[in-house]
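**Student:** Kindly generate the corresponding structure for this input.
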Amino acid sequence: MSLDQSWFTESDDNTGLAFSLKLGQPVHSETTPYQTIGIYRTETFGYLMTIDGCTMVSTRDNFLYHEMMSHPVLNSHPAPKRVVIVGGGDCGTLREVLKHPEVESAVQVEIDERVTRLSEQYFPELCESNEDPRAELYFGDGIQWMKDAPAKSIDVLIIDSTDPIGPAEGLFGKRFYADCIKALKADGILVHQSESPLLHLELITAMHRAMRDSGFAQTQLLHFPQTIYPSGWWSASLACKSGEPLAQRLDEAAIAALNCRYYSAAIHRGAFALPPFVEQALKGL
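**Tutor:** Sure, this is the predicted structure:
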């Protein structure tokens with residue numbers, strides 16, 4: 001990460017890429033026991049939150065990520081009544097999950113409470129469902145929470161994590177996925193953010209292999225644009241306990257009631273269509 005008076009820049013020597021946003025004024029910075037959080041006002045993307053120098057969420061484009069981490073998996077499950085979100089401290093995924101009337105409870109397990117408290121201050125639109133009676137905010141270690149979760153107690157598990165470094169590193173691996181399988185019901189589905197298909201295909205294939213090796217019957221990848229993340233092209237990986245086809249509950253009236261800006265029935269179908277180079281990499285796992 002580099003920062004002058006005019007621009008925030010996240011650069012990566014490994015990929016040879018950088019992304020910049022023109023700044024107004026830095027607003028807030030603090031180091032928690034887990035990470036360093038920055039809040040900036042940008043000229044064209046509203047507020048920007050960074051963690052350890054990496055872009056996390058902006059006012060302008062967060063809807064892409066939050067909608068696609070929530071609605072495709074919820075509309076791929078026959079009856080998603082109990083949902084757990086590991087990570088997701090900005091609360092945008094929680095807000096989208098609670099748009100579904102069939103969801104009876106949604107627990108958000110975030111290790112760093114300061115992410116949520118700063119989101120309440122600078123991204124209040126993402127936190128507007130925090131007081132929903134179906135919502136529970138739990139601040140603690142998601143890895144330990146999953147170890148302790150009762151067997152067969154969760155319908156949909158959303159891993160809304162940062163990159164596989166720091167506090168999130170343990171969320172990418174066979175041991176963690178085994179705990180997830182134990183906690184999911186027989187028709188349960190996990191979805192985990194899985195980086196860029198263009199830049200991180202090796203990580204994606206490793207995740208799918210770990211998911212299947214831990215006991216998931218099938219895995220699928222979906223993809224979507226995400227402007228502030230490396231390459232501007234992002235993905236999420238689904239893992240299903242059952243080998244049955246996904247439910248694909250794509251009722252047009254129900255989807256219209258979600259009041260989404262990006263997600264639709266057509267986007268749902270298209271998001272699972274993979275380019276040949278990605279499909280080939282995942283074939284035969």
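
**Student:** So what touches stretch 269-285?
**Tutor:** For stretch 269-285, the external contacting residues (C-beta atoms under 8 Å, 6 or more residues apart in numbering) are 68, 72, 197, 201, 204-205, 208-209, 212, 219-224, 250. Where C-beta positions appear, they are placed from N, C-alpha and C, glycine not excepted.

**Student:** Do a quick rundown of the strands in the protein.
**Tutor:** Taking DSSP state E, the strands of the chain run over residues 2-3, 7-12, 17-31, 36-42, 47-51, 54-58, 82-87, 105-110, 135-139, 154-160, 184-193, 218-225, 233-240.

**Student:** Out of these, flag the one nearest residue 264.
**Tutor:** strand 218-225 (12.0 Å; C-beta to C-beta).

**Student:** in its sheet, what does the closest one sit against?
**Tutor:** Applying DSSP bridges, strand 218-225 is found paired with strand 233-240 (antiparallel).

**Student:** Mind listing what's buried along the strand it pairs with?
**Tutor:** Buried residues in strand 233-240, defined by neighbour count with 16 or more other C-beta atoms under 10 Å: 233, 234, 235, 236, 237, 238, 239, 240.

**Student:** which residues sit in contact with the third one?
**Tutor:** Contact criterion C-beta under 8 Å, 6+ apart gives 193, 194, 195, 196, 197, 204, 221, 222, 223, 224 as the residues in contact with residue 235.

**Student:** How about the contacts made by residue 205?
**Tutor:** 281, 282, 285.

**Student:** Selecting buried members of those in PyMOL, what would you type?
**Tutor:** To isolate the buried subset of the contacts of residue 205 in PyMOL, counting by 16+ other C-beta under 10 Å, use the following:
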select buried, resi 281+282
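
**Student:** Residue 88: which of the contacts of residue 205 is nearest?
**Tutor:** residue 282 (25.3 Å).

**Student:** what about this protein, any weak spots by pLDDT?
**Tutor:** For the chain, applying pLDDT under 70 flags the ranges 1-5, 162-172.

**Student:** Domain map for it?
**Tutor:** 2-58, 62-282 (automatic domain parsing).

**Student:** From residue 258, how far off is the nearest residue to residue 200 once chain neighbours are set aside?
**Tutor:** Take residue 200 and drop its neighbours on the chain: the residue closest to it by C-beta to C-beta, 6 or more residues apart in numbering is residue 194, 7.5 Å away. Distance of residue 194 to residue 258, computed by C-beta to C-beta, to the nearest Å: 23 Å.

**Student:** Looking only at neighbour counts, state which of the two leads.
**Tutor:** residue 194 (27 against 16; other C-beta atoms under 10 Å).

**Student:** ok, residue 45 touching residue 55?
**Tutor:** No. Here residue 45 does not reach residue 55: they are 9.5 Å apart, not a contact under C-beta atoms under 8 Å.

**Student:** so how far is stretch 273-282 off the chain centroid?
**Tutor:** Taking C-alpha atoms, centre = their mean, to the nearest Å, one finds stretch 273-282 lying 21 Å from the centre of the chain it belongs to.

**Student:** Equivalent analysis for stretch 155-164, please.
**Tutor:** 5 Å.
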